[in-house]
Each structure stands twice: as C-alpha cells, then as structure tokens.
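Chemist: Could you look at this predicted model? Sequence included:
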There are 6 protein chains.
Amino acid sequence: MKIKVIVPILASDAGLKSLAETYRKLVRPGTKVEVIGLEKGPETIEYYYDAEFAKIPLLEEVQKAEKEGFDAVLISCTSDPGLYACREIVDIPVVGLGQAELFVCTMLGSHICTITPGNPAMTKDLVKSYGLEHFIVSIRSVPLSVSELEDKEKAKKAALELARRSIEEDGADVIMLDCGGFRGLMHDLQKELGVPVVGPEVGILVAEALVLGGLSQSKVAFPQPVQKRRIK
Amino acid sequence: MKIKVIVPILASDAGLKSLAETYRKLVRPGTKVEVIGLEKGPETIEYYYDAEFAKIPLLEEVQKAEKEGFDAVLISCTSDPGLYACREIVDIPVVGLGQAELFVCTMLGSHICTITPGNPAMTKDLVKSYGLEHFIVSIRSVPLSVSELEDKEKAKKAALELARRSIEEDGADVIMLDCGGFRGLMHDLQKELGVPVVGPEVGILVAEALVLGGLSQSKVAFPQPVQKRRIK
Amino acid sequence: MKIKVIVPILASDAGLKSLAETYRKLVRPGTKVEVIGLEKGPETIEYYYDAEFAKIPLLEEVQKAEKEGFDAVLISCTSDPGLYACREIVDIPVVGLGQAELFVCTMLGSHICTITPGNPAMTKDLVKSYGLEHFIVSIRSVPLSVSELEDKEKAKKAALELARRSIEEDGADVIMLDCGGFRGLMHDLQKELGVPVVGPEVGILVAEALVLGGLSQSKVAFPQPVQKRRIK
Amino acid sequence: MKIKVIVPILASDAGLKSLAETYRKLVRPGTKVEVIGLEKGPETIEYYYDAEFAKIPLLEEVQKAEKEGFDAVLISCTSDPGLYACREIVDIPVVGLGQAELFVCTMLGSHICTITPGNPAMTKDLVKSYGLEHFIVSIRSVPLSVSELEDKEKAKKAALELARRSIEEDGADVIMLDCGGFRGLMHDLQKELGVPVVGPEVGILVAEALVLGGLSQSKVAFPQPVQKRRIK
Amino acid sequence: MKIKVIVPILASDAGLKSLAETYRKLVRPGTKVEVIGLEKGPETIEYYYDAEFAKIPLLEEVQKAEKEGFDAVLISCTSDPGLYACREIVDIPVVGLGQAELFVCTMLGSHICTITPGNPAMTKDLVKSYGLEHFIVSIRSVPLSVSELEDKEKAKKAALELARRSIEEDGADVIMLDCGGFRGLMHDLQKELGVPVVGPEVGILVAEALVLGGLSQSKVAFPQPVQKRRIK
Amino acid sequence: MKIKVIVPILASDAGLKSLAETYRKLVRPGTKVEVIGLEKGPETIEYYYDAEFAKIPLLEEVQKAEKEGFDAVLISCTSDPGLYACREIVDIPVVGLGQAELFVCTMLGSHICTITPGNPAMTKDLVKSYGLEHFIVSIRSVPLSVSELEDKEKAKKAALELARRSIEEDGADVIMLDCGGFRGLMHDLQKELGVPVVGPEVGILVAEALVLGGLSQSKVAFPQPVQKRRIK
C-alpha cells in the first residue's frame, strides 16, 4: 500500500522529513508513506485566506497521486482545505486530518477541547460543518504561530498549559491537537495529562484503515465533475 | 453607494448585462451596481472542484473592489465560494448569495425547498455550515445545467414543476432558487405558486441594507490575515 | 413605498419622534416611514404578561395599515409580540424586530451576545423558536428598565460594559441590542467595541428590502384565518 | 386539591360539561375539578390570530383562580395560548395541554405523530419552542374543524385513518391527539391502533401530579411582572 | 392501583422503608406502593459497571411484578438501568426515575442543573439519549457517595451549596436531584433556593399518572422479544 | 499486537471461525486476532432484552482479555452492548462495532442508510446516543433474523434490495450493515451498488488503529469503578 501525504503549505524539508518519520513509525510494514509539501501555496494556514492559496496546487497533487498509483491521500492539515473538491476528482480515499482527528476524539470521550494556533472561528466552522459541535467543550488558542510550533518544547509547554486549564475549567476529557504542526507530541502530552490526546498521527492511521477496508468516499456525495468543463 | 457584484465564473457578457439590469431595478436611486465576472476561473460552479478555481481570482477582485471605493461586495453565486476568506481581507461587507437567500427564506416560512442545478450534497453542506438544516424540507435537483438556466422558459418550467411537487409532497412553504442563474424568475414563479419564491435578487438587497446600516462582518470572526505572510 | 412602524406599547411622543428620525435617515428617498405607538396597551414589554396586552391593539393597527395602503409593517419591539398572528391577517410583509436583528447578526459573525433590559428567559425562548440558539454565546441583562434606556448616555455606558465583558469572557463577535429602546446607539458602540453592533435600525432596512424584493410571509405557513369566525 | 381547567374559547355548556366529566373520572377522590370557558374570546383556536383573543380573558381567569384558592390551572388547549404569561402572574402551577401531551408522548416512544384540526405550522412552532422537534415524525391535518370534532364518531374515524397511515408510512409509534376537542377518544383509538394514544386527558393528570409533588413553574424562568406597571 | 417500586441495588431495609414512606405520602388513597430492592446486584450505581449487575435481577423483578398484578413499575434510580429492556418484556408501564425527573424539570423552567453523586458523564449520556441536552446548563458532582446521601443533613447541605452556585454562575432555574438517594429533600431545598427542585418523588407521581391515563410504553418502540429465544 | 474480538452471544464455532478469517485478512502481519463468543448469554441480540444477558459475561471476558495481555478489545455486535461499562474497567481500548461503523460512514458521505435485522428503534437510540442522528436518512429493517444472515446469499440479496431502495428513495450515499452477521458482504455489495458499504470489517481496523496510535478511552469519561465495591 502507498499513501501520499500532502502538507498543503510551503513546508520546509526538515518539517516534511520529520513528519514522514512520525507517520512511518505508525503504519504497517508493507505501507509506503510519501510526504510532500506544495511548491506553490501559503507558508502556513492560519486564516481562510491562506487556505485558498493551497487548493489548486493541492488538487493537482491529489490527481497526480492517483495517477502514480497511490492508494490514498492524506491532507495533512487540520483545517481540511479543499477536502471535498479533492474527493470529487479521484476514486482513492482522501482523508482530511481535521475530520480524522475529530472522529477519533469522539470515540474516546465526549468533552473535547481543541488546541489551535489558528483562528478559533475556523475550528468552530469546521466542527459545525461535520455536525459535531455538541462534542466540543472548548476551542483554545495557543499563543504561538504555526511556525513557532516547530520549537517542540515551546509547543508542548503551551499545549500542556491550555489542556490542563481545559480539563480543570471546561471538564474536557479528550484533547485534540488542532494543527499538523503538533506532530510528535501526543504521547508525551497524554502521559502528563492523563486523558487521551489526539494528534496528527491519527490521520495516517485512518487513511491506512480505509485502504485496508477497501473504502473510499461516496461518489454519490462527491460526484466526479463533468470532464469537459473548461477551466481557464 | 457603490456595490460590486462579482459573478465568480467566466460569465458571458450577455449574462452579466442581464444580471446588472435585474439588480439595478431593485436598488435605491443613488446606488451604483457594477457587475463583473472573472477573467480566469470556472465556466460554472456545479461541483466543489469548480469552486476552487474561482477563489483566487475572486479574492483579487474583492480586494480591488475595496480599493476602488466600493461599499460592499456581493458574491453572486449561491454556493458562496471563498466567502469567509473574502471577509477576512476587506473591511467592507461581503455578502454571499447563498447565505442571503437562505436567511431571507427563514423570515418568510419554515419549510424551505431549495431548487438547484448543482450537486444537492453541496447545498446540504452549505445549509449545515450555516446551522439552518432544520428549515429545509427538501433539496431538489433541477435536471438542467447552470448554463441551460439561461433559457429562461426552460428554467421556469423546470423550477415550477419541482416547486409544485415540493409544496405537495414535502409541505414546502417557501421556495429558494439555489443558483444565480435563476435571476429574473422569482416574481413569475411566486405568482403561479402562491408561496414566496426567493431568488438571487435578494442578494443585492441584503448588501445594500448592510451598507445603509453601517454594518460589516465581524473582524473578530474574520480577522485580517497577517500582512507579511508570503504566498508564493 | 410606505412602511408603518408600530411600537407595540404606550410610547411617548418624544420617543416615537426620535425613532421616526432614526428610521427615516436610513431608508431610500422615496420611502415614507410612519411611526406610531399603541393607544391601549402596556407601558413597556419586559415580561410575557406585558406583551399579551399589546397584541389585540397591534393586530388592529396592522390590519389598518394594510387598508391604508402601507407596503409593510415593522413591529418595533425585539420580543416580536403577536408576530405570527399579524402575519396571518395581512398580505403585506410583517417584520419582527427581534427576528430581523437576529438574522442580520448571523450574517456578520457566529458568536452573538444579546443585551436586554427584559427577562433573559424571553430572549432565550425567542431565539429557540427561530431555531438559532446555537449562534448565541450569551444573553446579558442590562440593569436598566426599558424606560431608563431613554437616558442614552446611561444606556450606552451599560451596554458598553456588558458587551466588553461578553467579548472578553464569552468570545462574542457580534453584539445584538435586544430592545427597541437601544435605538441610535449601534454606531457609537460599534466604534468603541470593534465588533458589529446590531440595533433596532436594521428592522426598517429588512422591511424595506422585503418590499423591494416583492416578498412577503408565506400564506401556507401563515394562512388567512377563516373570515366568518366570530370573536366576541 | 382544587384544579381549575380553563378552556380558552367560547366553549359550549355541553362541551364544558362533557370535558369536566372526562377529567373528573381520572383524578383522585379528593381532587375537585372545575371547568370553565371564556366569556369573551375566540370560538375556537385554529390560527395564531384566534389565540390572541383568548389571552387577556385567560390571564384574568388564571389570576382569579389563584385568588379563589385553586392549587393549579390547566389551560385546556393544545396550542398553549398565553402559557408563559400566565406562569408569570401566579405562584400556582399552570399547565399547558400541548406541553403536557408532548412530554407524556416522549416517555412512551420516540416517533410521535400529532393529529391536528388546526394549522400544522402552529404545531411545528410549538414543538420547536419546547425543543422536541426530533421526536416528531409527522404532523397530520385532520380535515375537520375544531367544532366538528364534537361529532365523536366522525372525529374518531378521521383520527383513526390518519394514525394508521402515520404508523404505516412514517413509522409512528405514539399518536398525539393535538386538540382539546379530541377528549374521550384516546382509549378507543389506542385499542384499535395498538400504539399509545395521548389525548387531552393527560393534562389533568400532569396538573394533579405537580400539585401532589409541591411543584410549580420556576419564578426565575417566569418572574413576577413588576406590579406597578400600568396597562391601559 | 398497585405500583411496584424497584430500587435496583442491594438497598438497606431502612432505606427501602423510608423510601416507601416518602412515596406513599404522595399517592392517592387507593394506590398501593410496594418498594423492594434487589437480592443480587450492586451496592450502589455510580458507574456503568455497577449498573450492569442490576439488570438481570431487575428484569426478573419487573416480569414478576406484572405477573403479580401490579399496574406499573418504577425503577427508582436516576440512571434508568435496563429501562428499555424492561419495557420490552411487559405490557404495564415501566417508568425510569431519570427520565421522569428530567421531563418534569423541562415543564418548570429551561435551565436545568442536575446534582449527582455519580459520574457526571453518565448523566450527560442519559440526557443525550433522551434528546434533552439543550435544557441542561450544568451537571454538578456532589462530593458524596450514594451511601453518604443517607446522612440527610450532609446531603442537603451539599446539594444546597451546589444548587446555589449553579443558580448564580450558570443561570439555573430548576434543580434536578439526580439520585434516588436524594429522597425527602426536595421541598426543604426548594424553600431555601426559591427555584423548583425536582427529586425522586416525582417518579411515583409519573407512574401513577400513566396508570390513571391507561397509558404504557409503545410496543412498536419496545416490541416483545420473540418468546422462544434461548438464553443460557 | 493482539486484539480480542468478543462476539457477545452464544456464537457457533463456524460463525466464529469465519469471522476470525474475515478479520485476520485485514490486519497487519504482526497483529494477532482472537475471536471468541460467550459461554453464557443470548443466542442473538435483536432486542434490548437479549443484550442484557450478554453484559456480565462480556465484562468478564473484557477484564480477562486485559489480564491476558491483549492490546484492545472489539465488541463485535453493532448494538454496542455494555460498551461504556467495559471501557470503565480496563485501560486497553474497547471498541464497539456500532460506533466504529457509524463513524467510518460519516467520513465517506452524509446520507447514511443502516440495514438491520433487529429492532430499528434500537438503531435509532444508538445513533442518538452518539449524537449522529442528523447523518441518518433511513433505518431499514431486513426481513431476516440475525441467524438467517448466516445464509450469505439470502443476506446479500436482502441487503441489496433495501440498499437500492434507500439510494433511490432516501438519497442514501453510504450504506451501513448494522449487524455483525453481515460480515463478508461489504465488498460485493459495494461493487453492485456503487456507493460505499460499511460492514463489521471496519471494527477490527478501528481497533488496530487505536492501538497503533497509543490511544484508549478517556479515564475521565470512563473512570475506573471504585475497587472495593461489593457486587453480590
């Protein structure tokens, strides 16, 4: 099995490499994971505006991935940019990190706190679009930009503090790390907090599980756009 | 007051002209309405995929409109492509036709039927993202493409039939014409059906009303993206 | 176009005059706005009990307005007393200030705080009856009676303080002034708060927009009561 | 214990007498049930408009009932006219027949069909205002006016047919008789249908149970209106 | 009428006797109330795990109750263990204390605070399974075990403090005592708090009312299990 | 990794063997899957009543599985009997087949039809308890008992017919096979229907993914019952 992970930003080589390592540790022996960034696109996605610049390059990469014989695509960004459009144009499953994390959270508890470096209204909109708002007890903003999350100690410390406050003040029983930049932290945080912490790692697991199950998005829900359409 | 209407597709000159006439008839004497299409973008928006190709040119036009001194922008497409991103980058109000029509419908009745030439799942997602799914009794697909709606007789006949069936079978009490291509039909349909029919016309009225009220989107909900962000 | 505004209480002449000025500034040149209070009815509406005394005189005024050739009626009270009954008996659109303000708020942000001099449970019930409770982050009681709102400095100061606390504590991104008595304050408050503030002013704009759009309430949702009905 | 039942219309003596008998059969030996109609008010309540004419006379009767030493009031009409206002002005519990029936239904099954001689949109609004719309599988209109329900054979036959269709077509598992005029039919219908049928009879049982439990509406939710308020 | 109350734990004789007295005071003269505990089962129900051990003995007692000619069964535990299974196997109404209390609360106000000695997540799940989560403003944990509630002074004091905080901080307008162990406290608490307090007492009243109304659970919703089924 | 699959009924050896084969084909090379039935319990689970008899033996097996060093437990029955109690008593993740299938469905489309041999009201309750009712367009009863599903041709034919009708009549875009007895059919059905079909196979994939992710249920949501508790 081959899964293509697309980080829908101008990711650094170091970041991509570290993400690839994180994901490869989790998958089964035969599963190949290729992680790429975009060559054109936004530096990070912290606003809706940023996300718009990721979408066309992302669509191209998704289409390419299918042609190259990949079995699934993971869009490795919790704001799920362009997810539904990507699902329309290919038959292989396209997994959005945001949706994957959210759904895993709902299987572990019922009071989710999300921790995000972006605009919390974006998280709220996403959660609403998936019909899961009643699972969320709080959306907490980490006072770090997406790029600052690369300083793993800083990211961990900040997430830890917000998670603790949410457990204490909001009754959170599951923590969702709401940014791909939080990779590599879930197990440490989990140990310190005593509640499940769901990070980007689950994205690759969901993608792999769908392929193993022979499942993909419904083409009734996401029909193939008519081919002859001219896009200038 | 000056309102810029952006049809986020490669619209024909005839279509734009006819839309401009439709809108100009409705606004107050002093209000100037300028209607443009995109120079680059999709032919029509019937899939999520199409919509992605509208967004960057649309963002540019929205930003340009603000610089040119327009008081509001209306995105004249009921799928509201890029609406939230557009709201982030300008201070003037940006109105989405889909949201405007939906909200007007909810003030007139409580059993809305939407009639769409696109993918009904897109309408469902939109309605859900605005938290209004409990107002919708049916989403009915008109067996015409967006461009076929330009044949007004055909469009009217098809909408009439679906609306009648929805009133009869689903108990619909308000009809929403869920495509900008339905312009110019609402009053005729209304007369024949005996229930309110909400068409794209209301978009310009909502935009004008927001300007008159001195209102615009919340910059807390739609914060300005950090300027220095580099987008390749 | 002629719009009748009915303030469903025993309003003072000064109050009516000031309201008429507020509304007239907003409408288009050709639009005539007539503002009346009730000759019989409650002094203010702060309880359900009060509202009941407004309804029959209000129904009479609404019917009279249609006979006099008005094109729309605005019930200028955010508790929307008798709104559905009024909609049944006339063909011209009847707008409730509460519904109009709420819907405008939902187009500007997604975390609404309402500020009310009345019983907050009434606001909650109203919001629920419109199916919009998921947009409300808080309902805050201003420690002033409806009549004390006539002291505009006092009203402004009190609203400002509550709005600030709601932005800070509840994450509010839009403020709704939940009483007709808050007229004339929205722009000042907006400037100081930096988020949209929706006041009674939007009621007249919604009413005017409906008339321009040739729209009115659905007679399927609000059917004409059988004429022969005897009411002693 | 003394319970005052108020039928908020110009009820006939025969109707009141028959209702009193129906209710008296159900209550405990010591419970006195007094059933009255209004001296001024609507003939029946089939529209919002009708309901408005019941409210002030109803408020007076409720207040009078408390002064006369009644322990509870039942408003014997499933549209619950003026319920919240009545709850504000007295300390004794005020039960609305619509709310009582609805809540009993939800304890017996989860797919309720309501059968109503009135405007089905009114039932929908009521159900929504109580937050119970997800329990309702259909609202079916009986082709009889409220007064025609006095012909018990006709009423029974019509209800039976609608209920059967709802069980068959909508999967209804509980039937709610959504009008006080359906008194006396629930047991017969239940026997024929094989599913629970909830009629106006449950109103008196809920009222009695609240008195026995020493319970009444919350004065935080329904605060006493300020006494000095002048109502012309 | 005879009602069997089953306390689905290894209840003490003193506890059962005191509960029987509490319930008998409320019912009508002719109503016989028999209160039993389980001979096998959990000491208390504070976890899902505990509840599982109550279910089979409870099912047996419910079946026995029907055979003995009881007219209704009340499961006197607010976590409603085995409620739906019990409803399947008998024709007489089976009332769950949790559901009964919740529904009574919703008729008295709209901001319910529940006070529980158990796991608050269990209350949340229960409320969700009945579709009533929008009525709950807080679920507060009393720092006492179920058995410690037998010290009535301690229980009262603890409930009082939590209720006061909920009224103050959460805007609660009704208090639900979310454990059968809170019997006998509702009226005292109500007097001190000034808002309705709903305790286990309402369970017997709901059961009695259903019998008086000739109502029982829908056999469409809760069909009789096929008899021949072998359970080893 | 070792996963224990517990079929919470008196399963036949042939059924268990065939299920084990189905599951083993899906997991990664190193993953051991052990499938057991109960030695005491119900023959099948088609009613709530049946389910109660599975719970205590199931709890014992779950506890035993943890002691034996299994890394996860899958309860292989879509009614998720005793799921929350099981989650309380162990630290290893406990997956319910019903929840796992439902959540996978929601990632593939938005109009789910479930096909069940049991009581459809049980499916409705389950879906509601997970807060996912808005994803379900229909719950269709297959006219076969759980044991008849072992005739795979019959099961396939029946499921196919219902699924086709749901796609046609309800607009279903994903089919959920709502019984463990449907194992082995999802891929065939999917091929014939052209929409995703989610069967019991996904249960093992979700369980494996949670172990790989180092995740388990929240002990805040599902706290360990106090050990000293005596259960007779």
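Modeler: That came through, no problem.

Chemist: Is any residue of the least confident helix or strand in chain A by mean pLDDT near chain F?
Modeler: Every helix and strand of chain A was ranked by mean pLDDT, DSSP states H and E. The lowest is helix A:120-129, at a mean of 92. No. Helix A:120-129 does not reach chain F (CB under 8 Å from any CB of the partner chain); its nearest approach is 10.1 Å. (C-beta placed from N, C-alpha, C; glycine too.)

Chemist: Is any residue of that helix near chain E?
Modeler: No. Using CB under 8 Å from any CB, we find that helix A:120-129 stays clear of chain E, coming within 15.7 Å at best.

Chemist: Run through the neighbouring helices and strands of that helix.
Modeler: Packing partners of helix A:120-129 (3 or more CB pairs under 8 Å, 6 or more residues apart in numbering or on different chains; DSSP states H and E): helix A:97-106, strand A:112-116, strand A:136-141, helix B:120-129.

Chemist: Please tabulate the ones you listed in JSON lines, including the columns mean neighbour count.
Modeler: Formatted as JSON lines, the helices and strands packed on helix A:120-129 follow (neighbours: other CB atoms under 10 Å in any protein chain shown):
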{"stretch": "helix A:97-106", "mean neighbour count": "26"}
{"stretch": "strand A:112-116", "mean neighbour count": "27"}
{"stretch": "strand A:136-141", "mean neighbour count": "20"}
{"stretch": "helix B:120-129", "mean neighbour count": "21"}
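
Chemist: so where's chain A uncertain?
Modeler: A:227-232 (pLDDT under 70).

Chemist: run the last query once more with 50
Modeler: Scanning chain A for pLDDT under 50 picks out A:228.

Chemist: quick one, helices of it?
Modeler: A:13-26, A:48-67, A:83-89, A:97-106, A:120-129, A:152-170, A:186-193, A:201-212 (DSSP state H).

Chemist: For chain A, which residues are neighbours of chain C?
Modeler: Counting by CB under 8 Å from any CB, chain A sits next to chain C at A:120-121, A:124-125, A:133.

Chemist: quick revisit: which residues are contacting the least confident helix or strand of chain A?
Modeler: Residues outside helix A:120-129 that contact it (CB atoms under 8 Å, 6 or more residues apart in numbering or on different chains): A:47-48, A:78-80, A:98, A:102, A:114, A:116, A:133, A:135-136, A:139-141, A:178, B:84, B:125, B:128-129, B:131, B:220-222, C:110-111, C:171, C:173.

Chemist: sorry, back to before: which of the helices of chain A sits closest to residue B:55?
Modeler: helix A:48-67 (4.5 Å; CB to CB).

Chemist: Are that closest one and chain B in contact anywhere?
Modeler: Yes. Judged by CB under 8 Å from any CB, helix A:48-67 and chain B are in contact via A:48-53, A:55-56, A:59.

Chemist: Counting neighbours, which bits of that helix end up buried?
Modeler: For helix A:48-67, the buried set under the neighbour-count rule, 16 or more other CB atoms under 10 Å in any protein chain shown, comprises A:48-59, A:61-62, A:65-66.

Chemist: and the direction of that helix versus that of helix B:48-67, what angle?
Modeler: Orientation check (axes from the mean of the first three to the mean of the last three CA atoms, to 10 degrees): helix A:48-67 against helix B:48-67 gives 150 degrees.
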